Each structure stands twice: as C-alpha cells, then as structure tokens.
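Q: have a look; sequence and predicted model below, questions after that.
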Amino acid sequence: MPTNPLELWTWRYCKESVKSLPGRLGFPVEDQLELLGFKLDLKTGSIRDTLIGEPVDMARRAGRSAANTIFYVLSAYTDSQEKRPTGKLISSKQFRGTMFTKRDTMGERYRIIENFKDPAKLETAAKALGGSKTDFSYGDVAVSLNLLPFIPLTIVLTVDDGEFPADARLFYDETVENYLDSEQTYFLTSLTMSRLIQSAR
C-alpha cells in the first residue's frame, strides 16, 4: 500500500470501498456516482466532467488533483453511518480539532469574493452544480449545494458597497463531522470552489 497520497487516493486503491456507496448515504442505486458536476463510472473508475462534457484529463495536474480529492473524500464518506442534516449551521472554526490543523476556509472565501463580484453569477454557478438560492439573514445572496448527498454547504456573499468591503462566509450543517474530518472537508470545499469558478466561466 503506497504512502504517497497521490498514489493512495486513486481508483486502484479506493474502488472496493467506493463501490459500496450506491444505495447508501444518499446515493441512488446506479453504476455511477455524481458529485459537483463529476460522474464517476463505477465499472471503470473513469471520471467525466459534465461541465465541459469530457473525461477528466489525468495528464494535467488539475485533473489528477480533482480525482485524488474525489477518491479521498468518498473513501471517508463510505465509512460513515447515516445521519441526516439537521439544518443547524456551523463554520469551519467550530469543527472539532480545528486548532490542530492549519486548514481553514479563509482562502476559499477569498476566491468567492474575487470571482463573484456579481451575486447573480454565484447563483448561476451554484445551479450548474445542482445548488439553489436560499434565504439567509444577511448578505446579498446565499446559495446552498450538496458537496455529497448528506453534506450541504451554504455560501453567503456580501458585495463591496463602497462603505463596507466584500465578504463571503461558508457554513456547514452540524452533522458534517459525522462524515468527514476537518482536513477532508477542507479539500472537498476547495474542490467545490474550483468547480463554482469553472462553471461561472
């Protein structure tokens, strides 16, 4: 078994656990898994990017990174017991063990601010990944989308109005740590931001 994450989090080493997901933890009984605009073929392990209608290019670093993240988080997700979202939102600062990791969502929030100066653009991008606009007590727009079937993410964007600077906040359901730890959630969130930016182009 390799110790290098780039070799470990691949179809070769993750397929047995990932193949157990259809019919479990919110995934339908199908020969493929869908997440964030990707379709993972459970017969071959190939991943298709539905945003561009092409297979993920494993010759490119971005393609390999996306695939590694997909297998990393799915392998963790498959070991979980089902726990439905409660609707109570928390930030990454409230994760258990956050003080012991350097991972946080500051950079991902900045990516939202820089790439979505128009709130409508964020709403459109979220819809492309199966998300939708949602109500929130503040901000110019809030969207919600599922990172995995039982892991919703809420993004709240406030644009620069000349008086106050732009701001973006990320909120998870309190059950997120039932499925992923803080590092796994960070990697999945980072991939989500990349997908939102890609879908907005």
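A: Perfect, thanks for sending it.
Q: can you list the domains in the protein?
A: Listed domain ranges for the chain are 5-77, 89-181+194-199 (source: automatic domain parsing).
Q: quick one: which of these has the weakest pLDDT on average?
A: When the domains of the chain are compared by mean pLDDT, domain 89-181+194-199 comes last with a mean of 92.
Q: enumerate every residue touching the nearest residue in space to S80 that is not next to it in sequence.
A: Counting by CB to CB, 6 or more residues apart in numbering, S80 lies nearest to Y179, which is 4.6 Å off, once chain neighbours are set aside. C-beta here means a position set from N, CA and C on the backbone, and glycine is covered the same way. Residues in contact with Y179 (CB atoms under 8 Å, 6 or more residues apart in numbering) are L25, A76, Y77, S80, K83, L148, F150, I151.
Q: could you flag which of the residues you listed are buried?
A: L25, A76, Y77, S80, L148, F150, I151 (16 or more other CB atoms under 10 Å).
Q: most widely separated two among those residues?
A: The most widely separated members of the buried ones among the contacts of Y179, counting by CB to CB, are A76 and F150 (12.7 Å).
Q: make CSV out of the contacts of Y179 and add secondary structure.
A: Formatted as CSV, the contacts of Y179 follow (DSSP: H, G, I helix; E, B strand; the rest coil):
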residue, secondary structure
L25, coil
A76, helix
Y77, helix
S80, coil
K83, coil
L148, strand
F150, coil
I151, strand
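Q: those helices in this protein, which residues are they?
A: Taking DSSP state H as the test, the helices found in the chain are 5-8, 11-18, 61-77, 106-115, 119-128, 182-199.
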